[in-house]
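Novice: When you get a sec, could you give me coordinates for this:
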Amino acid sequence: EVAFGYKGLQIQLYYSAGNLSTLFNVKYSSKVTETFDCVEPDDVEGKIRKIIPAGFSCNADDFASLLEKEANFRPFGTLLHTYKVDMSCPGFQEYHARLQTFLMWFIETASFIDVDDDHWDFFLVFEKYNKDGETLYATVGYMTVYNYYVYPDKTRPRVSQMLVLPPFQGEGHGAQLLEAVHRFYCTLPKVQDI
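Specialist: Next comes the predicted model:
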């Protein structure tokens, strides 16, 4: 992407590893203040604010204080091979709002899903690691599955979105996630086909 109207533009967008607390800041050395050939400078900050959910930090000190809370983060949902969760899990809706922003940064034609529709299933992958004697979790990726209705009383699950974050790509996490989700649905009698 090219942003018009700025010199030395820097967009800082950081996420914590586990709960995805967000730091967002825009810096530049100068900005066109007048209309330039009838074109105004791009509203970079406004466009990004439409994607990231409210509650992000705008300065590094606030963000650093949120990082201290990472030790308290635990994955949402029920552990299968991955974590299966739905929107009724406390705190998950806010977490998912932060998580799905990654789709916009890494998938060109991505869009947000309607989380008020209860036909969605969510599957999460986390890395469990130790740092200074504490067990921490890092978000690796996730998948959303929509359960279509099949007359008279069955469903047909279909993968809608799947993303493995760049630091974890090429390690087989996507294939393992897909296999785990397939095994999960194979055990459900209400599933017509996968």
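
Novice: what residue ranges in the protein are flagged as low confidence?
Specialist: 34-37 (pLDDT under 70).

Novice: hey, where'd the strands end up in it?
Specialist: For the chain, the strands defined by DSSP state E cover 6-7, 10-15, 22-27, 30-31, 78-79, 83-85, 120-131, 134-150, 154-164.

Novice: For the last one, buried residues please.
Specialist: By neighbour count on 16 or more other CB atoms under 10 Å, the buried set for strand 154-164 is 155, 157, 161-164. (Glycine included, C-beta is placed from N, CA and C.)

Novice: Could you name the helices and strands sitting against that strand?
Specialist: helix 101-106, strand 120-131, strand 134-150, helix 173-186 (3 or more CB pairs under 8 Å, 6 or more residues apart in numbering; DSSP states H and E).

Novice: for those, which one sits closest to residue 92?
Specialist: Ranking the helices and strands packed on strand 154-164 by proximity to residue 92 (CB to CB) places strand 120-131 first, at 7.6 Å.

Novice: Distance from the chain centre to that closest one, please.
Specialist: 12 Å (CA atoms, centre = their mean, to the nearest Å).

Novice: ok, so of the buried residues of strand 154-164, who is nearest residue 15?
Specialist: residue 163 (13.2 Å).

Novice: Name all residues that make contact with that closest one.
Specialist: Counting by CB atoms under 8 Å, 6 or more residues apart in numbering, residue 163 touches 102-103, 106-107, 141-143.

Novice: And the residues you listed, which of them are buried?
Specialist: By neighbour count, with 16+ other CB under 10 Å, the contacts of residue 163 hold 102-103, 141-143 as buried.

Novice: what's the closest of the residues you listed to residue 76?
Specialist: Distances from residue 76 to these, taken by CB to CB, are shortest for residue 142, at 10.3 Å.

Novice: quick one: that closest one and residue 26, what's the gap?
Specialist: Residue 142 sits 27 Å away from residue 26, going by CB to CB, to the nearest Å.

Novice: so which of the strands of the chain is the most packed in?
Specialist: strand 83-85 (a mean of 20; mean count of other CB atoms under 10 Å).

Novice: Not counting its own residues, what contacts that strand?
Specialist: By CB under 8 Å, 6+ apart, the residues outside strand 83-85 that reach it are 75-78, 92, 121-126, 184.
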